[in-house]
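Asker: take this sequence and fold it.
(one chain, ligands or ions: 1)
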Amino acid sequence: MELTLQHLTKSFGPKTVLRDLSLTAQTGMCVGVLGRNGAGKSTLFNLLTNVLLPSSGQILLDGQPLGETFPVAVKRRMGALVNQAYLVEQLTPEEYLRFVARIYDLPDAQTRIESLLAHLLEDYDAVRHKRLSSFSTGMKQKVAIASCLLHRPELLILDEPFNGLDVFSAESVLALLNSYRPQALTFVSSHNLAHIEKVATHLLVIDESEVKYWGAMQDFLNGQQAFLGDALLQLIHPAANTNQDLTWLTTQR
Ligand SMILES: Nc1ncnc2c1ncn2[C@@H]1O[C@H](COP(=O)(O)OP(=O)(O)OP(=O)(O)O)[C@@H](O)[C@H]1O
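Answerer: The predicted model follows:
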């Protein structure tokens with residue numbers, strides 16, 4: 001699979017949130033999407049999944065423009081976690097994934113369902129018969145991630161998948177994503193740079209609605225400093241306000 005973004009621009013009223021974004025990415029790449037709060041990352045993910053339509057520019061999949069209708073056949077090739085994960089909470093995790101499998105018409109999904117849940121949910125035997133409504137935020141997030149991988153998508157789009165995950169759960173998800181990477185083109189956003197460093201092959205850095213970097217992670221680190229956080233600060237926030245006077249915090253009302 002090859003995904004091409006051509007001069008993708010998104011505005012909300014007079015405000016342009018993404019401007020003239022162009023790139024081509026292929027299967028095997030994991031693109032870490034970075035940028036400060038409000039940079040436009042979720043907007044990009046919503047465009048990629050047809051939740052939003054671009055104001056101008058287009059998205060091509062294997063050379064074919066997706067257009068406004070975004071064919072169902074294309075959606076079947078995608079697995080996406082965007083915005084708030086929505087689960088049917090009256091169901092157990094296994095029932096929910098069987099429901100997702102039916103939507104994708106996957107008759108032989110049972111083994112994969114069990115493998116995904118056993119990998120992601122600690123103490124799976126103890127929670128497998130519980131309803132999702134009784135699950136914690138992180139447990140629900142892991143079930144949502146499992147549902148994205150169930151139908152073996154060729155394009156995997158994960159907006160902040162590590163939100164709410166403890167350090168062990170994040171490692172389990174990272175292991176899954178790294179194992180799955182050769183089979184798909186993955187886009188993943190996170191404010192946790194350690195996670196991005198462990199999973200991304202490429203970086204897309206967005207700031208002030210524009211692309212500040214697009215390319216291989218290794219080239220970014222070689223061209224900047226050794227650590228992703230420092231390199232990122234240098235790129236998008238050169239005058240880092242580390243020496244701000246904060247005495248007002250304790251001395252003024
Ligand atoms: N539906 C909308 N209508 C108007 N403005 C919007 C809408 N959705 C997003 N925006 C604006 O677009 C900008 C980018 O938002 P977006 O959610 O894409 O940022 P982000 O990079 O994902 O941020 P964060 O890291 O905080 O999740 C923000 O200024 C936001 O207020």
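
Asker: neighbours of residue 21, how many?
Answerer: Residue 21 has 22 neighbouring residues, counting by other Cβ atoms under 10 Å. No exception for glycine: its C-beta is placed from N, CA and C like everyone else's.

Asker: on contacts alone, who are the packing partners of the host helix or strand of residue 176?
Answerer: Using DSSP states H and E, residue 176 sits in helix 167-180. Counting contacts by 3 or more Cβ pairs under 8 Å, 6 or more residues apart in numbering; DSSP states H and E, helix 167-180 packs against helix 110-120, helix 137-149, strand 155-159, strand 185-189, helix 193-199.

Asker: wait, which of these is closest to residue 13?
Answerer: Set against residue 13 and scored by Cβ to Cβ, the helices and strands packed on helix 167-180 come closest in strand 155-159, at 22.8 Å.

Asker: and the angle from that closest one to strand 185-189?
Answerer: For strand 155-159 against strand 185-189, the angle by axes from the mean of the first three to the mean of the last three Cα atoms, to 10 degrees is 0 degrees.

Asker: and the closest residue to residue 137 other than its chain neighbours, how far from the ligand?
Answerer: Excluding the flanking residues, the one nearest residue 137 by Cβ to Cβ, 6 or more residues apart in numbering is residue 164, at 4.2 Å. Distance, residue 164 to the ligand, using Cβ to the nearest ligand atom, to the nearest Å: 14 Å.

Asker: same check, this time on residue 133
Answerer: Where the ligand is concerned, residue 133 sits at a distance of 26 Å (Cβ to the nearest ligand atom).

Asker: list the residues that contact that residue.
Answerer: Residue 133 makes contact with 89-90, according to Cβ atoms under 8 Å, 6 or more residues apart in numbering.

Asker: a strand runs through it, doesn't it?
Answerer: No. If the criterion is DSSP: H, G, I helix; E, B strand; the rest coil, then residue 133 is helix and not within a strand.

Asker: just to revisit the earlier point, contacts for the helix holding residue 176, please.
Answerer: Contacts for helix 167-180 (Cβ under 8 Å, 6+ apart): 30, 116, 119-120, 122, 138, 142, 145, 149, 156, 158, 161-162, 165, 186, 188, 192, 195, 198-199.

Asker: quick one: it to helix 110-120, angle?
Answerer: Using the same axes, to 10 degrees: helix 167-180 against helix 110-120 is 140 degrees.

Asker: what residues sit buried inside helix 167-180?
Answerer: By 16 or more other Cβ atoms under 10 Å, the buried positions in helix 167-180 come out as 169-170, 172-174, 176-177, 180.

Asker: go on, stretch 211-222?
Answerer: 211-214, 217, 220-221.

Asker: my guess is residue 1 meets residue 24, correct?
Answerer: No. In this structure, residue 1 is not within contact of residue 24 by Cβ atoms under 8 Å, at 11.2 Å.

Asker: those two - which one has more neighbours?
Answerer: A direct count of neighbours by other Cβ under 10 Å for residue 1 and residue 24 places residue 1 higher, at 16 against 12.

Asker: so what pLDDT did that one get?
Answerer: pLDDT recorded at residue 1 is 94.
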